[in-house]
Structure formats: structure tokens, C-alpha cells
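Student: What would the 3D arrangement of this be:
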Amino acid sequence: MKKLVVLNATASGSRLFGRALLPLGGKPLLVRMIERVRAARAHFDVVISTSRAPENDDLLLIAREAGIPIFRGRSSKLFVNLYEQSRLFGADAVASISSRSSLIDPFVIDEVFATFERTECDFASNLCPASFPDGMGISVMRADALGRARQSAEPVRGLHVENVRFFGTDLSRSVKLAIDTHEDYLHCRRIFDALYTEEHPVFSLRTMLDLIARERVAA
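Tutor: Numbers count the residues shown, from 1 in each chain. A predicted model of the protein is given here:
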């Protein structure tokens with residue numbers, strides 16, 4: 001089975017303009033996200049997906065330097081773009097990750113893919129309902145199911161859906177690691193600066209939660 005991971009990124013947006021280009025440890029946020037996604041053990045190709053807005057032209061350079069193709073969709077509908085990418089890149093299964101989840105744990109990616117393959121479902125996700133901390137979201141869908149979903153007002157209705165759950169603590173359910181606002185960005189940048197090292201550049205969700213727990217106790 002050929003798998004494709006789509007990183008939905010934008011440098012536009014009303015809540016946090018230029019999100020994908022914001023610096024994190026001396027590199028753009030999107031570059032750090034690519035590093036973390038590539039650290040997963042599952043075998044897949046990666047593509048950056050964005051709109052045709054001129055603000056997103058700078059993402060072309062990041063894609064080129066990372067050796068990753070970039071897809072600039074004509075539709076504002078996620079499932080339409082994912083289906084077009086499945087056909088363009090010859091993928092049997094397509095995973096979607098938003099750049100708001102730039103600190104996603106590679107282990108989470110592996111868990112969702114493992115559930116998808118083990119259960120032979122149409123759609124596997126940790127977002128329906130969400131049990132992981134916000135900012136760890138990923139969904140995987142079969143290409144043939146995408147073909148049906150792109151034409152529906154309720155894309156996953158009638159599909160075999162598997163939810164991947166996170167059995168964490170009350171802390172993990174209250175933590176936000178997604179980057180939607182400038183305050184979110186500052187919060188995640190502080191976590192990155194505290195945990196990133198050259199020897200261990202890709203730290204885990206558990207490590208992030210442990211740091212946050214220690215900080216809350218100290219406060």
C-alpha cells in the first residue's frame with residue numbers, strides 16, 4: 001500500500017498570519033514539522049498542500065529545500081484536495097496533518113497508521129472524538145473512500161471509522177499544543193527551546209507533557 005502524508009500549511013490566515021514561516025529554533029515552523037513527520041517509522045511520501053494565495057509563494061522554497069513536492073489546490077474543500085493528491089501521487093491511503101499541529105509526535109503518526117492498517121478501515125483518526133492533546137491531530141483515509149467523501153456533505157458518513165484514543169491524565173486533556181494564535185506560538189516556542197537538543201531533536205508528546213506538569217507544580 002502506497003501511503004501519502006499531506007501537510008496542510010499556509011502563510012496566510014486571519015488569526016496568525018505567516019504561521020508556517022514563523023521561526024522555531026532558527027528554522028521556519030514548517031521545516032520543524034517536516035523533521036518531526038519524517039521521524040515516524042511508517043513508510044510514506046510527504047507533500048505540502050497549500051492554496052494559490054500569493055502569501056504562500058514562500059512555501060515553495062521550503063518544499064524545494066526539503067525535497068518535497070508542493071500541491072496548490074483550487075478548491076477550499078479539504079477532501080477534494082486530498083482526493084486530487086491521491087490521484088496525482090498514486091497513493092492508496094492519504095493522511096492529513098494541519099500545520100497547527102507542527103509539534104506532532106512521530107509516535108502518534110505511527111499509531112494512527114498502525115490502527116488504519118490493522119483494522120482495514122476506511123478512515124482512522126485521533127480527532128473523532130479527540131482524546132489526544134490539541135495539536136496532535138492526524139487522520140488517514142483510503143483513496144477510494146476519499147473519492148466518495150469529496151462529493152458528500154458528511155464525508156465520513158457510512159464509512160468504517162476507527163478512532164485512536166489517548167489514555168492520558170486530566171493534564172493531557174487540558175493542554176493545548178496546537179498553534180492557532182500568537183500566544184499559542186509563544187507557548188510552543190518556549191517548549192521547543194526547552195526540549196530541543198542536537199542529540200535528541202525530536203522530543204515526544206510525553207516529554208512535553210512532563211515539562212508542562214513540572215512547570216505547573218513549580219508555579
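
Student: so where's the chain uncertain?
Tutor: Along the chain, the parts satisfying pLDDT under 70 run over 14, 153-155, 158, 167-173, 219.

Student: Strands of that one, start to end?
Tutor: Secondary structure of the chain (DSSP state E): strands at 3-8, 23-24, 27-28, 45-50, 70-72, 93-98, 123-125, 139-142, 161-163.

Student: Would you tell me which of those gets closest to F192?
Tutor: Closest of the strands of the chain to F192 is strand 23-24, at 5.4 Å (criterion: CB to CB). No exception for glycine: its C-beta is placed from N, CA and C like everyone else's.

Student: starting at the chain centroid, how far to that closest one?
Tutor: Put simply, strand 23-24 sits 17 Å off its chain's centre (CA atoms, centre = their mean, to the nearest Å).

Student: So which elements touch that strand?
Tutor: Judged by 3 or more CB pairs under 8 Å, 6 or more residues apart in numbering; DSSP states H and E, strand 23-24 is in contact with helix 182-195.

Student: quick one: buried residues of the helix it packs on?
Tutor: Neighbour-count burial for helix 182-195, counted by 16 or more other CB atoms under 10 Å, picks out 184-185, 187-189, 191-192, 195.

Student: Including distance to A20, could those residues go into a markdown table?
Tutor: Converted to a markdown table, the buried residues of helix 182-195 look like this (distance: CB to CB, whole Å):
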| residue | distance to A20 |
| --- | --- |
| D184 | 14 |
| Y185 | 11 |
| H187 | 17 |
| C188 | 13 |
| R189 | 14 |
| I191 | 18 |
| F192 | 15 |
| L195 | 21 |
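
Student: So S96 sits against Q85, correct?
Tutor: No: using CB atoms under 8 Å, S96 is not in contact with Q85, being 9.5 Å away.

Student: so what's in contact with these two at the same time?
Tutor: Shared contacts of S96 and Q85 (CB atoms under 8 Å, 6 or more residues apart in numbering): V6.

Student: about what we covered before: mean neighbour count for the strands of the chain - can I get that in a markdown table?
Tutor: A markdown table is the format used below for the strands of the chain (neighbours: other CB atoms under 10 Å):
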| stretch | mean neighbour count |
| --- | --- |
| strand 3-8 | 22 |
| strand 23-24 | 16 |
| strand 27-28 | 18 |
| strand 45-50 | 21 |
| strand 70-72 | 17 |
| strand 93-98 | 25 |
| strand 123-125 | 24 |
| strand 139-142 | 25 |
| strand 161-163 | 17 |
